[in-house]
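Asks: My questions concern the predicted model and sequence given below.
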Amino acid sequence: MPKDKQVVGHAFSQDSALSLVNLFNAYLADNFYDDTARGIFTDIPLAQYATESIVPNETSAIHKVLGQLSGWYDLLLGYDKWYKADIDDSIPYICQEFDNMGIPIPTEFQTNDIDAIGNAIRRLRPSFINGLQKKIHASFLNIWNNRELCYSFNLKMSYTVRTLRKTDFPFLEKDGIFPRHQLPIWAKHLIMHRDYGTCQYCGAIVATPLKPIQEYHFDHIIPLAQGGTNDISNFLLSCPSCNLSKNADIIPLKTVVHWPLISNDFFE
């Protein structure tokens, strides 16, 4: 890994991270389960995030969508004003998130003094925002390791990209088509590690020290010709044969679990 890119671990409650992943799933499915969700989902500036994905970056478009969804979470958890409207429901929820984030529960929460509770909430806001950032990273890693979610997100973003015009965005190759950019070394390492050195289409092992000659490609999940971007979430490892035969087709992906074959004796 290049020295200018440091890989950082993010410890966080898996249950809490998955709650944000579930919200992300609802966004992908346009599941407007209430008017608030409809407003939040439609306000996400996906076209902006797409145009910021000209070059692969460690802050992916998925990070940015999760950040928007977390901003909504910030309000739902009672920050700034909502705790006053329904303190009996919001304070237990905030306490649960504080516990997930490793933030000590303030003694003010044990009182019924709204002003004292509000002061504590505002005092701990920087710690809460830091916890939200860790939650975003933990949620992203759940999505990053799920090829089906990466596929669904980039397919959704491609519909927006196809509406972009070169007259408005001169960096485009042509209307609705992004230019190709080389993946940086750090991104290649992360993709090879995530994909276990195997082609994500046929399962062949293509990147391993055991092979004297290694041939592999980094393929766009949603091809550039179909509105794909250079967001890091839009890449996977492929063997040359699968990549070249795919051309500019869109191939739906499923997440593959790599585990030794379980003996039939296990089921007897």
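Replies: All right, it came through fine.
Asks: and His193, helix, strand or coil?
Replies: At His193 the chain is in helix, as set by DSSP: H, G, I helix; E, B strand; the rest coil.
Asks: Run a quick neighbour tally on it.
Replies: His193: 12 surrounding residues under other C-beta atoms under 10 Å. (Each C-beta comes from the backbone N, C-alpha and C, glycine too.)
Asks: next one: His63
Replies: His63: 21 neighbours (other C-beta under 10 Å).
Asks: wait, doesn't it sit right on Ser139?
Replies: No. Judged on C-beta atoms under 8 Å, His63 makes no contact with Ser139 at a distance of 9.1 Å.
Asks: Please enumerate the helices of the chain.
Replies: Taking DSSP state H, the helices of the chain run over residues 14-28, 35-43, 46-51, 61-76, 82-85, 87-101, 114-123, 125-144, 147-161, 185-194, 240-246.
Asks: looking at these, which is closest to Phe218?
Replies: For Phe218, the closest of the helices of the chain is helix 185-194, at 6.2 Å, according to C-beta to C-beta.
Asks: who's in contact with Ser16?
Replies: Counting by C-beta atoms under 8 Å, 6 or more residues apart in numbering, Ser16 touches Gln96, Glu97, Asn100, Lys135, Ala138.
Asks: neighbour-wise, which of the residues you listed leads?
Replies: Neighbour max across these (other C-beta under 10 Å) = Lys135, 23 neighbours.
Asks: Distance of Thr36 relative to Asp43?
Replies: Here the criterion is C-beta to C-beta, to the nearest Å. By it, Thr36 lies 11 Å from Asp43.
Asks: what's the weakest-modelled helix or strand in this structure?
Replies: The helix or strand of the chain with the poorest confidence is helix 82-85; it has a mean of 55 (mean pLDDT, DSSP states H and E).
Asks: what about the closest residue to Tyr159 other than its chain neighbours, how many neighbours?
Replies: Closest residue to Tyr159 apart from its sequence neighbours, by C-beta to C-beta, 6 or more residues apart in numbering: Gly227 at 6.8 Å. Per other C-beta under 10 Å, the neighbour tally for Gly227 reads 22.
Asks: so what's the backbone phi/psi at the spatially closest residue to Cys95 that is not a sequence neighbour?
Replies: Leaving aside its sequence neighbours, Cys95 sits nearest to Ile105 (C-beta to C-beta, 6+ apart; 5.4 Å). With angles defined as degrees, to the nearest 10, Ile105 sits at phi -70, psi 120.
Asks: Ile105 reaches Gln96, doesn't it?
Replies: No. Ile105 is beyond contact range of Gln96, at 9.9 Å (criterion: C-beta under 8 Å).
Asks: what residues are up against the residue nearest to Tyr159?
Replies: The neighbourhood of Gly227, defined by C-beta under 8 Å, 6+ apart, consists of Met157, Ser158, Tyr159, Thr160, Val161, Arg162, Gly176, Ile177.
Asks: at 10 Å instead, please
Replies: Contacts for Gly227 (C-beta atoms under 10 Å, 6 or more residues apart in numbering) come out as 50, 154-155, 157-164, 176-178, 250.
Asks: Check Asn22 too.
Replies: Taking C-beta under 10 Å, 6+ apart as the test, what Asn22 contacts is Ser139.
Asks: One more: the one 5 residues further on?
Replies: The contact partners of Tyr27, by C-beta under 10 Å, 6+ apart, come to Ala37, Ile40, Phe41, Ile44, Leu46, Val65, Leu66, Gln68, Leu69, Phe153, Lys156.
Asks: For the fourth one, grab phi and psi.
Replies: Spelled out, it's Ile44. Phi and psi for Ile44, reported as degrees, to the nearest 10, are phi -70, psi 120.
Asks: From Gly176, how far out is it?
Replies: Taking C-beta to C-beta, one finds Ile44 at 20 Å from Gly176.
Asks: who has more neighbours, these two?
Replies: Neighbours around Ile44 and Gly176, counted as other C-beta under 10 Å, are more numerous at Gly176. The numbers are 20 against 17.
Asks: Please tell me I have it right and the more buried one contacts Ala225.
Replies: Yes. Contact criterion C-beta atoms under 10 Å: Gly176 and Ala225 qualify, at 9.2 Å.
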